[in-house]
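J.: Build me a model:
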Amino acid sequence: MHPAAEPFFLDGPAGPLFCLFHPPHGPCRGALVHVPAFGEEMNRSRRMVALAARALAAQGIGVLQLDLYGCGDSAGESGEARWEGWKADLAAACAWLSARLGRPAGLWGLRLGALLALDYARDADQPPARLLLWQPVTKGATWLTQFLRLRLAGAMLQEGETEGGTSALRATLQAGTPLQIAGYELAPALAAAIDGVAAVALAPRACPVHWCEVVAAPDRPLPPAAASVAQGWRAAGVDLQVRLVDGPAFWTTPEITEAPALLEASLRACAGEWPPVPAAAWPAPAPEPVPAGAVERGIAFSCAAARLYGVLHQSPAAQQHGVMVVVGGPQYRAGSHRQFTLLARTLARAGIPVLRFDYRGMGDSEGEIRGFEAVEADLRAALDAFFAAVPALERVSLWGLCDGATAAALYAPGDARVDGLALLNPWVRTEDGAARATLKHYYRQRLFDPRLWKKIVHGRFDLMGAVASFLGLAGKALRRTAPAVATAEAPVLPLPERMLAALRRFDGEILVMLSGADLTAQEFAGLPAASPAWQQLLASARVVRKELPKADHTCSRPEWQQQVENWTCDWMLARRQRSAAQGGAMQAPKFSNAP
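T.: Down below sits the predicted model:
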């Protein structure tokens, strides 16, 4: 058996930093600190990073995955993040890894993390042993412009406004006003630092550099901007190797995607000789990880032959009722714009312990990628670990978004430890249901949008194509079928029927939260109109329903995020109060890690 990865919180300069240490298998050949991408690029690339970290560890390279301050599972808010603070985080991580393995650490950066690694390497007291760059951002100003465009796109979808373009947004930042972009707060100081850094001025002469660039096809050259930087570095004497590999842009894809050729190129880049271990003892002592009794701590447990990783949020006082977040889609346990991290911290402050984790094939966890309908064993193993880690725990509510909510609902009736479900925008997708939701909530809005009629008048709209699309959707939406019944030819019922059956078997309380500007939510909201059984279930006294009229799928604005947190917290505390008023009648005998 190879050594298991070790999740922990490192005592960083500004607060605890989540780390996942992958010990080298056998003799240590080298050490790398991973410097992650920013925002949703970090979320979407998490599995690729975990795969590479495990592969490098198998080749004798110890790897420390690091969440920077204000990012992922680490302390701080995104609006508190600063470029110089991130460089201080890298210094702490390199010191810890070097002391742990007794050799100088290198840096492995992805996207904006690669640019940060280059900037850190220029000023570091101890130059990195080597640099491994994955798809590096070569100019911070270009990256910032692309990030600001996310704000413009969101404004167009929500209000139909463009906010004056990226120049106006830059002016807002320069005036000292932070911006909310795709759920992240961008501070003016961080934006200014990113805007002013460029790879061309950061030629790393003190160590070998391995640049891995993903291209759409094997014969594609290095993009012009990157090629110009590489040429300038070589002219400055940088020991540079560039490897072009074909594969998907996994840091942007909406689903979890792998790039095997990039893994192979990275292993080749790290196969050569590393700097020798210094003759003297390593001068920097390893900072101690945050104590295990802290409010948040890393947790690892097994499911089948795979190791799963998560974060446990503990309450200072022993509590009998906790929440386990079930993650779905392309996200991992932090969630889009860290929504699950923030939710868990709000609940923990209210005295409710929380476990967030990655099931097999997701995020940091081992195993093959699997769909939300194949995670029963993962949820059971996570609940076992939760109960073992929090001895006072007696009952758990499952909290999920999208197909994570659906996975939670399908699982809950089979585990007596689960007594509540909090479901945000549950996934019940069918072809007919999606068509009805699209007609009702998309085309109706479009018909009353003056911008649409202006485009039609000026001939800038494909009217015939739109009509054909509308008629196709109308045909599906108007199709009425009898309630599905499982047969030998079709043994699996459609998803809405399976979810309905599960929720009817489940005898706990249910909180349903729906976003008004999300088609997934609106498809769920339309179920009662087509099904008396759904209507009866959702009207029952054990179901609480809440709506955010203008919110998107992940509730990306701070006020939407906070409302979801408040609803969840109030729902949990109200149930606790009812239990206390009934003298604990709602509390069944404590279970010992058994459903």
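J.: what about this protein, any weak spots by pLDDT?
T.: Scanning the chain with the threshold set as pLDDT under 70 gives 1, 155-163, 278-294, 318, 431-492, 583-595.
J.: how about the longest helix belonging to it: buried residues?
T.: The longest helix of the chain (DSSP state H) is helix 558-581. For helix 558-581, a neighbour-count test (16 or more other Cβ atoms under 10 Å) marks 560-561, 563-565, 567-569, 571-572, 575-576, 579 as buried. Bear in mind the C-beta positions are built from the backbone N, C-alpha and C, glycine included.
J.: Closest to A385 out of those?
T.: Set against A385, the nearest of those by Cβ to Cβ is M572 (20.5 Å).
J.: Helices of the stretch 451-595 of the chain, residue ranges please.
T.: Along the stretch 451-595 of the chain, counting by DSSP state H, counting those that start in this stretch, helices occupy 463-478, 495-505, 519-525, 527-530, 532-538, 558-581.
J.: hang on, the earlier thing: next one: the longest helix of the chain to chain centre, how far?
T.: Distance of helix 558-581 from the chain centroid (Cα atoms, centre = their mean, to the nearest Å) equals 23 Å.
J.: List the contacts of it.
T.: 180, 183, 185, 321, 323, 337, 339, 342-343, 346-347, 350, 352, 397, 399, 420, 422, 424, 509, 511, 513, 515, 544, 546, 548, 551-552, 555, 585-587 (Cβ atoms under 8 Å, 6 or more residues apart in numbering).
J.: what does stretch 211-218 give?
T.: Applying Cβ under 8 Å, 6+ apart, the set of residues contacting stretch 211-218 from outside is 132-136, 221-223, 226, 230, 240-250, 259, 262, 265-266, 269.
J.: Just those: which are in strands?
T.: 132-134, 240-246 (DSSP state E).
J.: so which of those comes closest to D358?
T.: W134 (20.5 Å).
J.: Surely that closest one is in contact with L263?
T.: No. Counting by Cβ atoms under 8 Å, W134 sits too far from L263 to count as a contact (10.6 Å).
J.: the more surrounded of those two?
T.: W134 (28 against 19; other Cβ atoms under 10 Å).
J.: Could you pull up the residues touching the closest residue to the more buried one other than its chain neighbours?
T.: Take W134 and drop its neighbours on the chain: the residue closest to it by Cβ to Cβ, 6 or more residues apart in numbering is L110, 4.4 Å away. For L110, the contact set (Cβ under 8 Å, 6+ apart) comprises 34-37, 41-42, 45, 49, 134-135, 251.
J.: and of those residues, the nearest to W86?
T.: Nearest member of the contacts of L110 to W86, counting by Cβ to Cβ, is V35, at 8.4 Å.
J.: quick one: which of the contacts of L110 sit in helices?
T.: Short answer: the contacts of L110 in helices (DSSP H) are 41-42, 45, 49.
J.: residue ranges for the strands of the stretch 251-400 of the chain, please.
T.: Under the criterion DSSP state E, counting those that start in this stretch, the stretch 251-400 of the chain contains strands at 296-303, 306-313, 321-326, 354-357, 395-401.
J.: So which of those is nearest A381?
T.: It is, among the strands of the stretch 251-400 of the chain and with distance given as Cβ to Cβ, strand 296-303, at 4.0 Å.
J.: Now do the helices in the stretch 201-350 of the chain.
T.: Going by DSSP H, counting those that start in this stretch, the stretch 201-350 of the chain shows helices at 224-235, 260-269, 339-349.
J.: Tell me which of these is the most buried.
T.: Highest mean neighbour count among the helices of the stretch 201-350 of the chain (mean count of other Cβ atoms under 10 Å): helix 339-349, with a mean of 22.
J.: So which other helices or strands are in contact with that one?
T.: Using 3 or more Cβ pairs under 8 Å, 6 or more residues apart in numbering; DSSP states H and E as the contact test, the elements touching helix 339-349 are strand 306-313, strand 321-326, strand 354-357, helix 558-581.
J.: Report whether A416 is found in a helix, as I expect.
T.: No. Applying DSSP: H, G, I helix; E, B strand; the rest coil, one finds A416 to be coil, outside a helix.
J.: neighbours around it, how many?
T.: Neighbours of A416 (other Cβ under 10 Å): 14.
J.: Ramachandran angles for W108?
T.: With angles defined as degrees, to the nearest 10, W108 sits at phi -120, psi 110.
J.: Tell me who's in contact with G15.
T.: With contact taken as Cβ under 8 Å, 6+ apart, G15 is in contact with 69, 74-76.
J.: Please read the previous query as pertaining to V295.
T.: For V295, the contacting residues are 313-316, 348, by Cβ under 8 Å, 6+ apart.
J.: 7 Å instead, please
T.: The contact partners of V295, taken as Cβ atoms under 7 Å, 6 or more residues apart in numbering, are 313-314, 348.
J.: Dump the contacts of G15 to JSON lines, plus neighbour count, secondary structure and distance to A305.
T.: Output for these, formatted as JSON lines (neighbours: other Cβ atoms under 10 Å; DSSP: H, G, I helix; E, B strand; the rest coil; distance: Cβ to Cβ, whole Å):
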{"residue": "Y69", "neighbour count": "24", "secondary structure": "coil", "distance to A305": "35"}
{"residue": "S74", "neighbour count": "25", "secondary structure": "coil", "distance to A305": "30"}
{"residue": "A75", "neighbour count": "19", "secondary structure": "coil", "distance to A305": "33"}
{"residue": "G76", "neighbour count": "18", "secondary structure": "coil", "distance to A305": "36"}
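J.: what's the closest of the residues you listed to A201?
T.: Y69 (24.7 Å).
J.: my guess is the closest one meets E77, correct?
T.: No. Between Y69 and E77 there is no contact under Cβ atoms under 7 Å: 9.5 Å.
J.: mind checking how far the residue nearest to S315 when sequence neighbours are not counted is from L495?
T.: For S315, ignoring the flanking residues on the chain, the nearest one in space by Cβ to Cβ, 6+ apart is G351 at 4.6 Å. G351 sits 35 Å away from L495, going by Cβ to Cβ, to the nearest Å.
J.: L383 now?
T.: 23 Å.
J.: ditto for L173
T.: Taking Cβ to Cβ, one finds L173 at 44 Å from L495.
J.: show me the contacts for the residue nearest to S315.
T.: 315, 317, 319.
J.: From C569, how far off is the last one?
T.: Applying Cβ to Cβ, the value for Q319 to C569 is 13 Å.
J.: Quick check on the contacts of G351: which are buried?
T.: 315, 319.
J.: Adding distance to Q59, write the contacts of G351 out as a markdown table.
T.: Output for the contacts of G351, formatted as a markdown table (distance: Cβ to Cβ, whole Å):
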| residue | distance to Q59 |
| --- | --- |
| S315 | 41 |
| A317 | 46 |
| Q319 | 44 |
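J.: Quick one: residues contacting S515.
T.: Contacts for S515 (Cβ under 7 Å, 6+ apart) come out as 425, 521, 548, 551-553, 555.
J.: Next: G516.
T.: 547-551.
J.: among the residues you listed, who's most crowded?
T.: Most crowded among the contacts of G516, counting by other Cβ under 10 Å, is A551 at 25 neighbours.
J.: Buried ones from the contacts of S515, can you make that a ChimeraX selection?
T.: To isolate in ChimeraX the members of those that are buried, counting by 16+ other Cβ under 10 Å, one can use:
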select :425,521,548,551,552,553,555
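J.: with the contacts of S515 in mind, which one is nearest to A93?
T.: Of all those, C555 has the smallest distance to A93: 31.6 Å, by Cβ to Cβ.
J.: do you know how far that closest one is from G335?
T.: Distance from C555 to G335, by Cβ to Cβ: 10 Å.
J.: same check, this time on A105
T.: Using Cβ to Cβ, A105 is found at 29 Å from G335.
J.: next one: K546
T.: K546 is 19 Å from G335, by Cβ to Cβ.
J.: if you count what's nearby, which of the two comes out ahead?
T.: With neighbours defined as other Cβ under 10 Å, K546 and G335 compare such that G335 has more, 24 against 16.
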